[in-house]
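1. dropping the sequence and predicted coords here.
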Amino acid sequence: MDRDYNLLIEKACEASRKSYSPFSKFAVGAAVLAKSGKIYTGCNIENSSFGMTICAERCAIFKAVSEGEKEILAVAIYSPNKDDCFPCGACRQVMYEFQGEEEVCIITGNKSNLNIRKMSDFLPFGFKI
């Protein structure tokens, strides 16, 4: 499968513009490449009850899963506030849960400076039941 990581980071950038982040002022967008080849996007959505907040990565992954996807190949994460916006621990575990036999690629940065890493760089001892 052809993987256009520039397109993924572009989609993540577009998604970051939809962020609802009135508290942190830290907009984040994510784009998930599913095994089917479809791309799903999400943004961070904050809430006054901070525990109800959802990260962009989980938003995009949950959209993919709700559409029947069970395996993701790559996740691009973009924030206009930071060059490399890395996933939190909860998002890392969710990525691991929906990783197939092929390790998920995590793309950060921007179109002129992409950083591509493997899931094991972020969660070396992830677990599934």
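-> Okay, I see it.
2. not counting its neighbours along the chain, what's nearest the residue nearest the centre of the chain?
-> With distances taken as Cα atoms, centre = their mean, residue 57 lies nearest the centre of the chain, 3.2 Å away. Residue nearest to residue 57 in three dimensions, not counting chain neighbours: residue 91, with 4.0 Å by Cβ to Cβ, 6 or more residues apart in numbering. To be clear about C-beta, it is placed using only N, CA and C from the backbone, and glycine gets the same treatment.
3. that neighbour contacts residue 60, correct?
-> No - using Cβ atoms under 8 Å, residue 91 is not in contact with residue 60, being 9.7 Å away.
4. quick one: which of the two has more around it?
-> residue 60 (29 against 24; other Cβ atoms under 10 Å).
5. wait, the more buried one sits on residue 34?
-> No - under the criterion of Cβ under 8 Å, residue 60 makes no contact with residue 34, lying 9.9 Å away.
6. which element, helix or strand, includes the residue nearest to the centre of the chain?
-> Assessed by DSSP states H and E, residue 57 sits inside helix 56-66.
7. show me what that helix is packed against.
-> If you count contacts as 3 or more Cβ pairs under 8 Å, 6 or more residues apart in numbering; DSSP states H and E, helix 56-66 packs onto helix 5-16, strand 29-34, strand 39-43, strand 72-78, helix 89-97.
8. now render these as JSON lines, adding distance to residue 127.
-> Putting the helices and strands packed on helix 56-66 into JSON lines (distance: least, Cβ to Cβ, whole Å) gives the following:
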{"stretch": "helix 5-16", "distance to residue 127": "26"}
{"stretch": "strand 29-34", "distance to residue 127": "21"}
{"stretch": "strand 39-43", "distance to residue 127": "24"}
{"stretch": "strand 72-78", "distance to residue 127": "17"}
{"stretch": "helix 89-97", "distance to residue 127": "8"}
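9. redo the ones you listed as TSV? Include mean pLDDT and distance to residue 110.
-> Output for these, formatted as TSV (pLDDT from 0 to 100; distance: least, Cβ to Cβ, whole Å):
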stretch	mean pLDDT	distance to residue 110
helix 5-16	97	6
strand 29-34	98	12
strand 39-43	98	16
strand 72-78	98	7
helix 89-97	96	20
